[in-house]
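> Structure for this input, please:
(one chain, ligands or ions: 2)
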Amino acid sequence: MIAVGQGFDVHQLVEGRPCIIGGVTIPYEKGLLGHSDADVLLHAVSDAILGALGLGDIGRHFPDTDEAFKDADSLKLLEEVWALARERGYKLGNIDSTIIAQKPKMAPYIPQMTEIIARALGADSTQVNVKATTTEQLGFAGRGEGIAAQSIVCLLKDVISS
Ligand SMILES: Nc1ccn([C@@H]2O[C@H](COP(=O)(O)O)[C@@H](O)[C@H]2O)c(=O)n1
Ligand SMILES: C[C@@]1(CO)OP(=O)(O)OP(=O)(O)OC[C@H]1O
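Ligands and ions are numbered 1, 2, ... in the order given. Below is the predicted model of the structure:
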């Protein structure tokens, strides 16, 4: 069985917050605002997995009204989401993701993000792809008001390889 899911998330960029993306703290003058650590990439990946499983989204599993998730480490949330996939017998096929940000430059941090996501999903880093794009200064991302991320995941169960 093959299950696919997609995830999309946006967080506002503000002063006085750390800029944590894909589990990596990126040195930058602003950071992402949220109830949790606001790791926009890990949220998109988590939502993609929940989508593939038909289990809603991270807001349903980790409500932003619950103090338990205040400043939560999104890597821990991703690990909890992945446990739901594992319990149902799924393995990771592959993940592809895009970070949409005018700044900061993501390229130097992408290998580390890839490793972190792969490790959380019990996968090899070759199964995880992370990309980044600007929006050529257009829209909220282009004005540096926020960062978005999108992700698509393919999960595999009982697949007989030829
Ligand atoms: N925040 C970003 C955005 C982009 N990159 C890298 O730069 C390349 C060119 O971006 P364009 O939006 O002009 O296509 C892109 O392919 C990424 O490799 C980045 O590192 N950080
Ligand atoms: C992750 C959660 C959980 O505290 O909070 P936020 O960091 O605000 O992130 P968001 O992507 O808006 O929604 C899911 C939330 O429930």
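
> quick one: which helix or strand includes Ala149?
According to DSSP states H and E, Ala149 maps onto strand 146-156.

> partners of that strand in the sheet?
Here strand 146-156 has these sheet partners by DSSP bridges: strand 2-14 (antiparallel), strand 91-100 (antiparallel).

> For His43, find the nearest of these.
In terms of CB to CB, the element of those nearest to His43 is strand 2-14, at 4.1 Å. The way it works is simple: take the backbone N, C-alpha and C, and place the C-beta from them, glycine included.

> Please name the bridge partners of the residue nearest to Gly16 when sequence neighbours are not counted.
Spatially, and ignoring its direct neighbours in sequence, Gly16 is nearest to Gly31 (7.3 Å; CB to CB, 6 or more residues apart in numbering). Counting by DSSP bridges, Gly31 is bridged to Val14.

> I'd like the distance between Gly31 and ligand 2.
12 Å (CB to the nearest ligand atom, to the nearest Å).

> Neighbours of that residue, how many?
22 (other CB atoms under 10 Å).

> Thanks again, I'm all set now.
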